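Engineer: Need a 3D model of the following:
(chains A and B)
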Amino acid sequence: MRLVAEVDGDIIIAFEPNIGYVHRAVEKIAETKTYLQIIPLVERPMLPDTASANLGYILALEKLLDVEIPQRAQYLRMLLCEMSRIHSHLYGLGIFGNMIGSSTMFEWAFADREPFLELTQQWTGARLTASFMVPGGVRRDLPPDFTGKVLKAVAYMEQRLKDYDKIFVNNPVTIARLNGVGVIKKSEAARLGIVGPNLRASGVAYDTRKVEPYCAYGDVDFELVVREEGDCYARLLVRREEMKQSIKLIRQILDKLPSGPFFAEKYAKLINPKMKALMDQSGILRFPAVFSSLKPAKGDAISRVEAGRGELFYYIVSDGTAQPYRFRMVTPSFKNVIAFKSALLGARLADVPSVYGSLDYFPPEADR
Amino acid sequence: MSISVVYPTYLSAVVEPSKVVEIAQKLNSMGFDHVKSVTGIDFLEENKIVVVYHVSSFEDDELAQFILELKTSVDRLNPRIKSLIEIWPSAEFPERETTDLMGVTFDGQPKKERLMLIDNFEGGPPLRKDFKLKTEGIDA
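Structural biologist: Numbering: from 1, shown residues only, chains lettered A, B, ... in the order given. Next up is the predicted model:
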């Protein structure tokens, strides 16, 4: 990304983000892939938060497939998404710290991603690109002894957040760099269409998990984190608080996890009986043959999910063939790029890193 | 204008290109405060491009539950339509993206330079159906 600032002395009077340097034509490539092949494709632009990219796509696709998802799979999907949200916020927090000169915050946040990446690998086989959610459910039930490991990781994270407060969040240098800087007013935030923690830090109480609950978000209890200030510091505090809410959610999900299958009956009955027996025994999905050329019904489908960085929107136009006719993916960072134009007006040139870091902007996600 | 319910929270409206601005103004005054997406779909055989806006609300809790889709058809050889950035500033980047990748001109959009593609990009808009991806590597 290239940022062009027009300055009067060191006061910014115009600011223009120039994006597209890591554009990978995800929407065009999707038109040449089968529906299953698109799963790993949509994860690539959103590496720190692949679970949300995966889920949003699958939710849109399932609307065209007319398939009922077992409750256990809904909870397993939420579990991976909340682990992914913590990971995404840690990633953003680390970069944010580094941008304003706290290399400790960078090292700590990046190191503390590790328990969550390690757990994701044990569960799904990959640290980041899990491709875990498939039409009808998920690829794997929880491995043995997994619950205890997740609870240990979140208990550790809870303690670490207190350490972060001491060294970074309540640090006078952090506060001096962020307080009152890069303000996006409430009225402006909604009109600009910015999303996620950036929107909520400007006083707009909007979270897709609350507005149009998907999976089983309607059945679990968590608070919407909203702040009124709209500055860089508020955005930091919203993310920190959301990690606490994710910890709360993970504990509830594990506590309430329903028993039953993790894959829809509609497709499970198509798996060859020998394979099905292996699948039931190991808890690892065997793909039914129909997945190699899945043909959803003709029509349009949309979905929205709350990814770590904000609302992620999909729009699929199906002509009834094995490839989408048109595939649209609008990522949170693409929606947030407009914030650079206004948050920096009147700020000093030296505030650019504070604002950039506070927006948790991720170029590959915006460019797709 | 004809409105259909795709599913309860997803409404779709087909509108005349000349009516888009007027309808957008009405929706905006009703509380639809932002666009979630602006994009185009190429229908090569019918010689048209359908421009699609997905709009919703952040501030109005009731409207926020719905996503309304506005679809309008423009001529594929000269796809032009009025920009909606005056009504919805959130349309700026997705409109520019649609110009770049689908070749739709949005009149009133002040930024003319490319957004996603390199300045010296060769070939037509890549999201058009007659744009074929080049094969690279051993099979090229």
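
Engineer: how about the residue of the stretch 1-150 of chain A found nearest chain B, what does it touch?
Structural biologist: Residue nearest to chain B within the stretch 1-150 of chain A (C-beta to the nearest C-beta): A:Gly20, separated by 4.0 Å. (Glycine included, C-beta is placed from N, CA and C.) The contact partners of A:Gly20, taken as C-beta atoms under 8 Å, 6 or more residues apart in numbering or on different chains, are A:367, B:100, B:114-118.

Engineer: what's the distance between B:Ser57 and chain A?
Structural biologist: For B:Ser57, the distance to chain A equals 8 Å [C-beta to the nearest C-beta, to the nearest Å].

Engineer: What's the separation between that residue and A:Gly310?
Structural biologist: To A:Gly310, B:Ser57 is 16 Å away according to C-beta to C-beta, to the nearest Å.

Engineer: Buried among the contacts of A:Gly20? Need that as a selection in ChimeraX.
Structural biologist: In ChimeraX, this line selects whichever of the contacts of A:Gly20 come out buried by 16 or more other C-beta atoms under 10 Å in any protein chain shown:
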select /A:367 /B:100,114,115,116,117
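
Engineer: Flag every residue of chain A that's near chain B.
Structural biologist: A:19-20, A:23, A:25, A:27-29, A:32, A:63, A:189-193, A:199, A:204, A:206, A:211-212, A:299-302, A:304, A:311, A:313, A:315, A:317, A:325-326, A:328, A:330, A:334-335, A:337-338, A:367 (C-beta under 8 Å from any C-beta of the partner chain).

Engineer: Mark which of those are buried, thanks.
Structural biologist: A:19-20, A:23, A:25, A:27, A:29, A:63, A:189-193, A:199, A:204, A:206, A:211-212, A:300-302, A:304, A:311, A:313, A:315, A:317, A:325-326, A:328, A:330, A:334-335, A:337-338, A:367.

Engineer: Restricted to helices, list these.
Structural biologist: Within these, residues falling in helices by DSSP state H are A:27, A:29, A:63, A:189-192, A:199, A:211, A:334-335, A:367.

Engineer: could you pull out the strands for chain A?
Structural biologist: A:2-8, A:11-18, A:133-134, A:137-138, A:299-307, A:310-318, A:326-330 (DSSP state E).

Engineer: Tell me which of those sits most buried.
Structural biologist: Across these, the average number of neighbours (mean count of other C-beta atoms under 10 Å in any protein chain shown) peaks for strand A:137-138, which reaches a mean of 27.

Engineer: mind listing what residue 7 touches?
Structural biologist: No chain in the question, so chain A it is. Per C-beta under 8 Å, 6+ apart, neighbours of A:Val7: A:13, A:349.

Engineer: that's the wrong chain, I meant chain B
Structural biologist: So B:Tyr7 contacts A:Lys63 (C-beta under 8 Å, 6+ apart).

Engineer: And the one 5 residues further on, by the same measure?
Structural biologist: Contact analysis of B:Ser12 by C-beta under 8 Å, 6+ apart lists A:300, B:3-6, B:68-69, B:71.

Engineer: Could you find the closest non-adjacent residue to the closest residue to chain A within chain B?
Structural biologist: Proximity of chain B to chain A (C-beta to the nearest C-beta) peaks at B:Ser90, 2.6 Å away. The shortest distance from B:Ser90 to any non-neighbouring residue, by C-beta to C-beta, 6 or more residues apart in numbering or on different chains, is to A:Gly193 (2.6 Å).

Engineer: and what of A:Arg200?
Structural biologist: That would be A:Val226: by C-beta to C-beta, 6+ apart, it lies 4.9 Å from A:Arg200.

Engineer: again, but for A:Leu76
Structural biologist: A:Val138 (4.9 Å).

Engineer: ditto for A:Met105
Structural biologist: A:Gly97 (2.6 Å).

Engineer: Next, the contact list for the one you found, please.
Structural biologist: Taking C-beta under 8 Å, 6+ apart as the test, what A:Gly97 contacts is A:103-106, A:108-109, A:168, A:357.

Engineer: Let's see that with 10 Å instead.
Structural biologist: A:103-110, A:164, A:167-168, A:171, A:174, A:236, A:357 (C-beta atoms under 10 Å, 6 or more residues apart in numbering or on different chains).

Engineer: Could you tell me which of the residues you listed count as buried?
Structural biologist: Buried, going by 16+ other C-beta under 10 Å: A:105-106, A:108-110, A:164, A:168, A:171, A:174, A:236, A:357, out of those.

Engineer: Now, these that are in helices?
Structural biologist: A:105-106, A:108-110, A:164, A:174, A:236, A:357.

Engineer: Need the max-distance pair from the residues you listed.
Structural biologist: The two members of these with the most space between them (C-beta to C-beta) are A:Phe110 and A:Thr174, at 17.5 Å.

Engineer: B:Phe106 belongs to a helix?
Structural biologist: No: remark: B:Phe106 does not belong to a helix; assigned using DSSP: H, G, I helix; E, B strand; the rest coil, it is strand.

Engineer: Grab the CA positions of stretch A:352-361 and hand them over as PDB.
Structural biologist: Output of stretch A:352-361 as PDB, limited to C-alpha atoms (Å, rounded to 0.1, in the frame of the first residue of the first chain):
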ATOM      1  CA  VAL A 352       0.400   8.200  10.700                       C
ATOM      2  CA  PRO A 353       1.800   5.000  12.400                       C
ATOM      3  CA  SER A 354      -0.600   5.400  15.400                       C
ATOM      4  CA  VAL A 355      -3.600   5.700  13.100                       C
ATOM      5  CA  TYR A 356      -2.500   2.900  10.700                       C
ATOM      6  CA  GLY A 357      -1.800   0.500  13.600                       C
ATOM      7  CA  SER A 358      -5.100   1.400  15.300                       C
ATOM      8  CA  LEU A 359      -7.100   0.500  12.200                       C
ATOM      9  CA  ASP A 360      -5.700  -3.000  12.100                       C
ATOM     10  CA  TYR A 361      -5.500  -2.700   8.300                       C
END
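
Engineer: can stretch B:60-75 be found next to chain A?
Structural biologist: Yes: under the criterion of C-beta under 10 Å from any C-beta of the partner chain, chain A is reached by stretch B:60-75 at B:60-61, B:64-67, B:69, B:71.

Engineer: Paired strands for the worst-scoring helix or strand of chain B on mean pLDDT, with orientation please.
Structural biologist: Least confident helix or strand, chain B: strand B:2-7 with a mean of 82, by mean pLDDT, DSSP states H and E. Looking at strand B:2-7 with DSSP bridges, its partner strands are strand B:10-14 (antiparallel).
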